[in-house]
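Participant: Fold the following and give me the result.
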Amino acid sequence: MMALRALGRRYGLATAVLAFASVTAPASATGFPAPQDAVPASAPADRFQAGNSLYQAGDHEGAIEAWLGLYEDGFESGELHYNIGNAYFRLGELGRAILFYERASVALPRDESVRTNLELARSMTADQITPLPGFWVPRLVTWAVQLVPRGWLIAILALGYLGLASILLYRLLSTGPPRWTRHAAIAAAALTVVVGTNLLIRDFGIGRAERGVILQTEAAVQSAPSDDPSLQLFTIHEGAVVRIDRRSSDWLEIVLEDGKVGWVRAGDLETI
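Facilitator: Next up, the predicted model:
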């Protein structure tokens, strides 16, 4: 999908409303780059800002309609997901709020506003699931992948690529190139491979488990992909985040964060 980023700073709500006080206002549309296709250059930014204006005016349904229109047209960014999550939260649609906050957290893993609002929304779900302690290796890999901001990685990758190309060209055109150029070329190649792999993992979710959010008020979890009431194990509720392990026709095998396993109807959730 075409990237659509808002570079302006977020601003806080002027008034606090009970538990909703922690949900900040949407991201600003300032600094939107023009998309690279036939739509007018100002259209995406104008539509994004229209959603912001509707949100600030209290028309959360209108804001969702404006932002989802952008999303359905192929424009996507962490800020857009974050704003949609805020609007759904205001409307009390906890499942969809968590879904879009989770999507925002994938694009903006270090964003404090996204993390705070996601934690608040998840604390309000009916199922208070205690996650199993994770193995340290996946946690270490995740930490390493997210250690450097994406913009820096792109800059480092470009420098590494240019450096490697320059060194190889120098060795090709010179007679008897010094030994240090060989070591420099190896270092530049290694840097390019490591940084490029990191970007591939981030942008394409390589190795990332498929997850989803329950959107139904209540969903039956079965021991097999069947509606047979005798096979029901337990129920989960709107907003629960699950891992998707297998698919079978209209059914999904899910794993909860506490390790429970079962099958739910595919229509009961939406993938992150």
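
Participant: Output the longest helix belonging to the chain.
Facilitator: Assignment by DSSP state H gives helix 179-204 as the longest helix of the chain.

Participant: what distance separates that one from the middle of the whole chain?
Facilitator: Computed by C-alpha atoms, centre = their mean, to the nearest Å, the chain-centroid distance of helix 179-204 equals 26 Å.

Participant: repeat for stretch 52-64
Facilitator: The answer for stretch 52-64 is 22 Å, by C-alpha atoms, centre = their mean.

Participant: send the alpha carbons of that stretch over as CSV?
Facilitator: Backbone C-alpha positions of stretch 52-64 (Å, rounded to 0.1, in the frame of the first residue of the first chain) are rendered in CSV as follows:
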residue,chain,number,x,y,z
ASN,A,52,-9.2,15.3,12.2
SER,A,53,-11.7,18.2,12.1
LEU,A,54,-14.7,15.9,12.4
TYR,A,55,-13.0,14.1,15.3
GLN,A,56,-12.4,17.4,17.1
ALA,A,57,-16.0,18.4,16.5
GLY,A,58,-17.2,15.2,18.2
ASP,A,59,-18.3,13.6,15.0
HIS,A,60,-16.4,10.3,15.5
GLU,A,61,-18.5,8.3,13.1
GLY,A,62,-17.8,10.9,10.4
ALA,A,63,-14.1,10.9,11.2
ILE,A,64,-14.0,7.1,10.9
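
Participant: in that stretch, what's buried?
Facilitator: By neighbour count on 16 or more other C-beta atoms under 10 Å, the buried set for stretch 52-64 is 52, 54-55, 60, 62-64. Glycine gets a C-beta too; all of them are placed from N, C-alpha and C.

Participant: So which of those residues are in helices?
Facilitator: Reading helices off the buried residues of stretch 52-64 with DSSP H, I get 52, 54-55, 60, 62-64.

Participant: how about residue 262, what does it touch?
Facilitator: 221-223, 233-234, 253-254 (C-beta atoms under 8 Å, 6 or more residues apart in numbering).

Participant: Repeat that for residue 64.
Facilitator: Residue 64 sits next to 51, 84, 87-88, 91 when contact means C-beta under 8 Å, 6+ apart.

Participant: Any of those residues buried? List them.
Facilitator: Among these, those buried by neighbour count (16+ other C-beta under 10 Å) are 51, 84, 87-88.

Participant: Show me the contacts of residue 64 that map onto helices.
Facilitator: Counted as lying in helices by DSSP H, out of the contacts of residue 64, are 51, 84, 87-88.

Participant: Going by distance to residue 162, which of the residues you listed wins?
Facilitator: Comparing these against residue 162 with C-beta to C-beta places residue 84 closest, at 38.2 Å.

Participant: May I ask you to name the longest strand in this structure?
Facilitator: With secondary structure taken from DSSP state E, the chain has its longest strand at strand 241-248.

Participant: for that one, what is the average pLDDT?
Facilitator: Strand 241-248 shows an average pLDDT of 94 in the prediction.

Participant: Show me how far the helix or strand following the longest helix of the chain is from its chain's centre.
Facilitator: From helix 179-204 onward toward the C-terminus, using DSSP states H and E, the following helix or strand is strand 211-214. What separates the centre of strand 211-214 from the centre of its chain is 13 Å, taken as C-alpha atoms, centre = their mean.

Participant: Which elements pack onto the helix or strand that comes right after strand 211-214?
Facilitator: Note on strand 211-214: by DSSP H and E, the next helix or strand toward the C-terminus is strand 218-222. Judged by 3 or more C-beta pairs under 8 Å, 6 or more residues apart in numbering; DSSP states H and E, the packing partners of strand 218-222 are strand 232-237, strand 261-265.

Participant: now the last one, how far from the chain's geometric center?
Facilitator: Between the mean C-alpha point of strand 261-265 and the mean C-alpha point of its chain there is a distance of 24 Å (C-alpha atoms, centre = their mean).
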